[in-house]
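Undergrad: Need the 3D shape of this:
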Amino acid sequence: MIKKKKISEASIPTSSMADIAFLLLLFFLVATVIDVDTGIGLTLPEYVKDVKNVKVPKNRMAAILINANGDVLLDNKPISVTQIKDKLKNRIISKIDLPSNKKLIVSVKTDRKTKYDVYIQALDQIKQAYFEVRNEYSQQFFGSKYKELIETQQKEVQKKVPIIISLAEPESVKK
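TA: Residues are numbered from 1 along each chain as shown. From the prediction side, this is the model:
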């Protein structure tokens, strides 16, 4: 009798599969970037014990009110959020040559139920207005953009165009 040859079955070595899976898991854990919400970067004023109430003239104030529906009023006139920048730029420019205690103050007041998205969009528009005025002033007097100026020139521009934003506390909502 003739013996049949046993044909060996093809097999894949699985002894190192666990090692490979572990290395892939470790790689993706290390290489993955987790997006962390850092919040809004605001510079808060220093604490002052004895606060004096100062009467601010109406021509120095730009009052922005945002209600719960996301409607925006600038000095009691309805506007859209995207118009804030253009409306404020002219007022900021008009106050550039005045002393620092006569500069424009932008006051933002919201309803307690205002959507966070609308509030952030309004703040962005206000800051963009100030940044654009700073860039225009820098171009006019130093011949380059604000970010390209040396530190002493930037401080001079900051003194001429200070960013003064007052975040008023929302009023309580009565039920």
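Undergrad: now the helices: where do they sit in this protein?
TA: 17-31, 84-94, 116-142, 151-160 (DSSP state H).
Undergrad: for those, which one sits closest to residue 6?
TA: Residue 6 sits nearest to helix 17-31 of all these, at 26.5 Å, using Cβ to Cβ. In short, each C-beta sits where N, CA and C put it, glycine included.
Undergrad: before we move on, back to that, for the helices of the chain, give me JSON lines that also has mean pLDDT.
TA: Below are the helices of the chain laid out as JSON lines (pLDDT from 0 to 100):
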{"stretch": "helix 17-31", "mean pLDDT": "89"}
{"stretch": "helix 84-94", "mean pLDDT": "90"}
{"stretch": "helix 116-142", "mean pLDDT": "91"}
{"stretch": "helix 151-160", "mean pLDDT": "90"}
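Undergrad: Let's have those helices in CSV, adding mean neighbour count and distance to residue 62.
TA: Shown next, in CSV, are those (neighbours: other Cβ atoms under 10 Å; distance: least, Cβ to Cβ, whole Å):
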stretch, mean neighbour count, distance to residue 62
helix 17-31, 9, 47
helix 84-94, 17, 6
helix 116-142, 17, 9
helix 151-160, 13, 18
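Undergrad: Need the ones you listed in JSON lines (columns: distance to residue 104).
TA: As requested, those are exported to JSON lines (distance: least, Cβ to Cβ, whole Å):
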{"stretch": "helix 17-31", "distance to residue 104": "48"}
{"stretch": "helix 84-94", "distance to residue 104": "5"}
{"stretch": "helix 116-142", "distance to residue 104": "9"}
{"stretch": "helix 151-160", "distance to residue 104": "12"}
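Undergrad: Many thanks, I have nothing further to ask.
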